[in-house]
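>>> here you go, sequence then predicted model.
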Amino acid sequence: MYYRVEDKYLVYEDEIAYLKSRLAKLMKRDPHCPEGGYLIRSLYFDDRWDSAYLENEAGLDNRVKIRVRSYNNDDSFLKLEEKSKKSGFIHKEDSIIRRETVQKLISRGADSASAALLSSSLVGEEAFLLKKLYYRMNSGMVYPVVIVEYERDAYVEPAGNVRITFDRNISGSSRVERFFEKNIYGVPVLERGMHILEVKYDELIPDHLRTLLDEGFLRRTAFSKYYYSRNNMIMNGE
């Protein structure tokens, strides 16, 4: 199984501007990232015991998150993802999923929708991930709990398979039925002006990028967008 390193840092607006000016000379923009970045919206699943939330809170190293992700509110391209962490390394499996299937998952109609879900024309890895999620839902163990939304700008470097992203204006909402609406009216999860820098790479990161990240002002964090968004909901009794 293929795992990658994922480091996270807290950054402010002025620090983002500085880092982008430096990265423009060191890395290329992600070819899939338009100028100004793009919007990511993720629908996260958890079980009746909030296991994913509590495992994050406890800092357990081996854990799994399940989500459906959209980009720029484009419901013609949706991904079902299973992201796992083991011994500090990250592995992700993903596949395309249809809007109508996501709507069934949101409605939690596992019993009535079983035939439609399992007789789907989806094939290969997507069918495998979908069936795994369906069986968990059908047993009453997993259901959608929160939407997380943020703006992302991304840079890539082939050496080390490095990807650096700036994730700004992170917010969350417990109104999972709004996943396909234009606005989710999310609640911010960080103080005003604070954002997240993520650095993903294979075993080693090139020295010129490591030097930039080691300049001293960056603050490492174990920040989880899911955990903090879900924590807001729980603290507010949602």
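Cool, the structure landed.

>>> doesn't K25 fall inside a helix?
Yes: per DSSP: H, G, I helix; E, B strand; the rest coil, K25 lies within a helix segment.

>>> give me the neighbour count for it.
When neighbours are defined as other CB atoms under 10 Å, K25 has 7 of them. C-beta here means a position set from N, CA and C on the backbone, and glycine is covered the same way.

>>> ok, it - contacts?
Not one residue lies near K25 by CB atoms under 8 Å, 6 or more residues apart in numbering.

>>> need the per-residue pLDDT for it.
The model reports K25 with a pLDDT of 91.

>>> distance check, it against I164.
K25 is 13 Å from I164, where distance means CB to CB, to the nearest Å.

>>> and if you look at E15?
Separation of E15 from I164 (CB to CB): 13 Å.

>>> mind listing what whichever strand in the chain runs longest pairs with, with the direction of each?
Secondary structure of the chain per DSSP state E: the longest strand is strand 143-157. Using DSSP bridges, strand 143-157 pairs in its sheet with strand 28-29 (antiparallel), strand 38-46 (antiparallel), strand 162-173 (antiparallel).

>>> run through the strands of the protein in chain order.
Going by DSSP E, the chain shows strands at 4-12, 28-29, 38-46, 63-71, 74-86, 89-97, 143-157, 162-173, 187-188, 194-201, 219-220.

>>> higher neighbour count, E15 and I164?
I164 (25 against 19).

>>> now do the contacts for the more buried one.
Counting by CB under 8 Å, 6+ apart, I164 touches L23, M27, A154, Y155, V156, E157, L197, E198, V199, K200, L209.
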